[in-house]
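>>> Model the following, please.
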Amino acid sequence: MDAHIHDLVARLHASPLRCVFAVTGAGAEALSWLLAVPGASETVLEATVPYSRAALVELLGCEPPSLASAEVAEEMAEAAYGRALALRDDDFPVAGVACTAAISSNRP
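Residues are numbered from 1 along each chain as shown. Next up is the predicted model:
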C-alpha cells in the first residue's frame, strides 16, 4: 500500500465515523487497505462483497440494470447505510460506503 493511501485510511480510522462497506469488483481491494491499517475496528462495522449477481440482487432487493454503474454503487451505499443504522450502538455518526467497478471480464 502506498503511503498516501495509508495516510487516508489512518485519518478515516481516527475520525468518529463508523461505516458499513459494500464493494464488488475493483472495490474489493479497498477492504484490505481498510483492514491493514491499525484502527479498523473503530471504523468498520461490517463489510460485504456481493460479487455474484444473486448476491447483489439480495443486497439491493431488486435486479440491477448493470453490475458496475454509478447508479448501482449509489443503491449499494444506501443499502449499506441502512445496515449501518441497524448496527449502530452509540452516538457516533454512521455511513454506508460502496464501490462497484469492472476490473476485467471474460465476456465481450
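
>>> Every contact and neighbour count from this point should use C-alpha atoms.
Fine.

>>> Low-confidence regions, the protein specifically.
Low-confidence segments of the chain (pLDDT under 70): 103-108.

>>> Break down this structure into its strands, ranges please.
Assigned by DSSP state E, the chain shows strands spanning 18-25, 44-48, 94-101.

>>> Can you name every helix or strand that the first one contacts?
Counting by 3 or more Cα pairs under 8 Å, 6 or more residues apart in numbering; DSSP states H and E, the packing neighbours recorded for strand 18-25 are helix 40-43, strand 44-48, helix 70-87, strand 94-101.

>>> hey, C-alpha coordinates of it in PDB?
C-alpha atoms of strand 18-25 as PDB (Å, rounded to 0.1, in the frame of the first residue of the first chain):
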ATOM      1  CA  ARG A  18     -18.400   4.200  11.700                       C
ATOM      2  CA  CYS A  19     -19.100   2.600   8.300                       C
ATOM      3  CA  VAL A  20     -20.600  -0.400   6.600                       C
ATOM      4  CA  PHE A  21     -18.900  -1.100   3.300                       C
ATOM      5  CA  ALA A  22     -20.400  -2.900   0.300                       C
ATOM      6  CA  VAL A  23     -17.900  -3.400  -2.500                       C
ATOM      7  CA  THR A  24     -17.600  -5.600  -5.600                       C
ATOM      8  CA  GLY A  25     -15.200  -5.900  -8.500                       C
END
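
>>> Quick check: residue 32 vs residue 49, distance?
Counting by Cα to Cα, to the nearest Å, the gap from residue 32 to residue 49 is 12 Å.

>>> Those two: which has the busier surroundings?
residue 49 (19 against 11; other Cα atoms under 10 Å).

>>> how about the more buried one, phi and psi?
phi -130, psi 80 (degrees, to the nearest 10).

>>> shouldn't it be in contact with residue 23?
Yes. Contact criterion Cα atoms under 8 Å: residue 49 and residue 23 qualify, at 5.1 Å.

>>> So for residue 32 and residue 49, which residues contact both of them?
Residues touching both residue 32 and residue 49 (Cα atoms under 8 Å, 6 or more residues apart in numbering): none.
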